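In: please find the sequence and the predicted model below.
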Amino acid sequence: MKITDIKLGRISVPLKTPFKTALRTVKSVEDIIVIIETDTGNIGYGEAPPTGVITGDTTGGIIGAIKDHIRPSLIGMDVENFEEIMIRLHSSVVKNTSAKAAVDIALYDLYGQMFNAPVYKLLGGYRKEITTDITISVNDPEEMERDSINAIKLGYETLKVKVGKDSNLDIKRLKAIRNAVGKDINIRIDANQGWKPKEAVYTLRKMEDLGLDIELVEQPVLAHDIEGMKLVTDNVNIPVLVDESVFSPRDAMTILQNRAADLINLKLMKTGGVYNALKIVSMAEIYGVECMIGCMLEAKVSVTAAVHLAAAKKIITKIDLDGPVLCSEDPVTGGAVFNNSKITVNEGSGFGIKDIEGIKYI
Ligand SMILES: C[C@H](N)C(=O)N[C@H](CCC(=O)O)C(=O)O
Ligand SMILES: [Mg+2]
């Protein structure tokens with residue numbers, strides 16, 4: 001199965017409501033689609049969002065990295081030679097993890113097709129169904145309370161509440177939400193780097209004292225502040241999950257060796273795809289550190305790849321793959337099946353993606 005071409009396109013999908021975090025407000029998913037063609041007629045699909053504030057990757061950057069660096073180094077290669085392809089992909093250009101992820105996903109799609117098997121089975125096949133949380137955007141407490149109640153009505157049992165814009169108001173936000181949803185709903189919070197280390201310790205201890213029953217806190221401090229992350233981890237009982245601090249397997253090793261966090265959030269757009277995410281999974285298994293799998297604002301192609309990874313691996317115990325359900329429409333035929341919080345892998349070969357509507361080819 002030889003690679004004959006790598007084509008690029010764009011999709012635009014409006015969100016149901018604006019997505020707001022301490023880092024940004026977004027109204028639509030604006031992603032790059034990768035289509036890898038082969039001499040056997042098999043097609044592999046990949047996707048990447050330009051999440052500049054987190055990955056540094058912009059639309060133009062993703063297109064340029066693939067067209068000028070990745071594409072020339074992969075054309076003509078045989079998918080059977082998978083390890084060599086992955087080494088070339090990751091050495092063709094440094095950083096640019098979203099561009100690499102989009103191509104890596106399309107290649108794993110082809111890899112599964114080559115064995116006529118769904119990717120999750122090739123990676124471990126631990127389960128077929130997973131349950132995602134849903135994000136509650138950071139707004140005033142009343143609006144967040146309303147959004148939380150609406151989410152529960154749709155059957156979500158875990159809320160991922162965005163905080164990090166004002167720690168005193170964050171405490172009020174969480175009080176209002178816990179009061180409204182009762183004690184049986186699982187609440188995790190994501191500060192998206194918004195707090196200072198001591199502010200994080202104060203705020204989280206206050207939440208503990210108030211009995212707000214927070215499952216975990218995600219990325220309380222700046223991405224590069226590993227000492228600050230460790231300070232928070234060492235001084236609060238709420239488990240700390242790193243997100244923006246871990247892109248590469250090397251980043252994960254630093255966190256694990258320093259015990260700077262309790263949990264790791266894997267995102268294909270940070271690792272550069274499944275190949276490197278698997279390395280972090282193995283490290284986490286060795287250290288006995290559970291992982292979350294998350295996504296950026298992504299449609300169903302790339303999130304389906306994350307679903308397969310989560311379905312394959314037992315150490316991935318927390319799921320934040322709500323990108324497709326935040327979208328007002330689904331342009332993708334095939335792939336994982338999203339029924340609000342319940343996500344099921346499609347048993348088709350590769351990632352089971354059949355078609356993507358509305359691609360504007362570049
Ligand atoms: C969409 C997902 N639930 C999420 O919250 N991801 C964010 C980053 C998303 C973005 O800004 O595109 C996160 O975990 O930080
Ligand atoms: Mg996060």
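Out: Okay, I see it. Ligands and ions are numbered 1, 2, ... in the order given.
In: and the residue of the protein closest to ligand 2?
Out: Ligand 2 sits closest to Asp243 of the chain, with a gap of 3.6 Å, by CB to the ion. Any C-beta I mention is one placed from the backbone N, CA and C, and that applies to glycine too.
In: so who does that residue touch?
Out: Applying CB atoms under 8 Å, 6 or more residues apart in numbering, we find Asp243 in contact with 190, 192, 218-219, 265, 267, 294.
In: now, which of the residues you listed lie close to ligand 2?
Out: Contacts with ligand 2 are made by 190, 218 out of the contacts of Asp243, judged by CB under 5 Å from the ion.
In: so which of the contacts of Asp243 belong to strands?
Out: 190, 218, 265, 294 (DSSP state E).
In: let me have these in JSON lines, extended by neighbour count, pLDDT and distance to Val325.
Out: Putting these into JSON lines (neighbours: other CB atoms under 10 Å; pLDDT from 0 to 100; distance: CB to CB, whole Å) gives the following:
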{"residue": "Asp190", "neighbour count": "26", "pLDDT": "98", "distance to Val325": "17"}
{"residue": "Glu218", "neighbour count": "28", "pLDDT": "98", "distance to Val325": "19"}
{"residue": "Asn265", "neighbour count": "22", "pLDDT": "98", "distance to Val325": "18"}
{"residue": "Gly294", "neighbour count": "27", "pLDDT": "98", "distance to Val325": "14"}
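In: still on that earlier bit, got the confidence number for the residue of the chain closest to ligand 2?
Out: Looking at Asp243, its pLDDT is 98.
In: any idea which of the ones in strands among the contacts of Asp243 is closest to Ala65?
Out: Gly294 (22.1 Å; CB to CB).
In: got a list of what the closest one touches?
Out: 243, 265-267, 306, 320-321.
In: what separation do you get for it and Ser302?
Out: Distance check for Gly294 against Ser302: by CB to CB, to the nearest Å, it reads 12 Å.
In: for Ala176, same thing?
Out: Using CB to CB, Ala176 is found at 33 Å from Ser302.
In: who's more crowded, these two?
Out: Relative neighbour count places Ser302 above the other of Ala176 and Ser302, with 34 against 18, counting by other CB atoms under 10 Å.
In: the helix or strand harbouring that one close to ligand 1?
Out: Under the criterion of DSSP states H and E, Ser302 resides in helix 300-312. No - if you take CB under 6 Å from any ligand atom as the test, helix 300-312 misses ligand 1, and the best it gets is 9.2 Å.
In: before we move on, the earlier item: from the contacts of Gly294, which is closest to Lys314?
Out: Leu266 (13.7 Å).
In: surely that closest one and Val281 touch.
Out: Yes - with contacts defined as CB atoms under 8 Å, Leu266 counts as touching Val281 at a distance of 7.2 Å.
In: tell me, what's touching those two both at once?
Out: 291, 309, 316.
In: adding distance to Val232 and neighbour count, write the residues you listed out as JSON lines.
Out: Listed next are these as JSON lines, based on distance: CB to CB, whole Å; neighbours: other CB atoms under 10 Å:
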{"residue": "Cys291", "distance to Val232": "19", "neighbour count": "25"}
{"residue": "Leu309", "distance to Val232": "27", "neighbour count": "24"}
{"residue": "Ile316", "distance to Val232": "23", "neighbour count": "23"}
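In: near ligand 2 too, which of these?
Out: Among the shared contacts of Leu266 and Val281, proximity to ligand 2 is found for none (CB under 5 Å from the ion).
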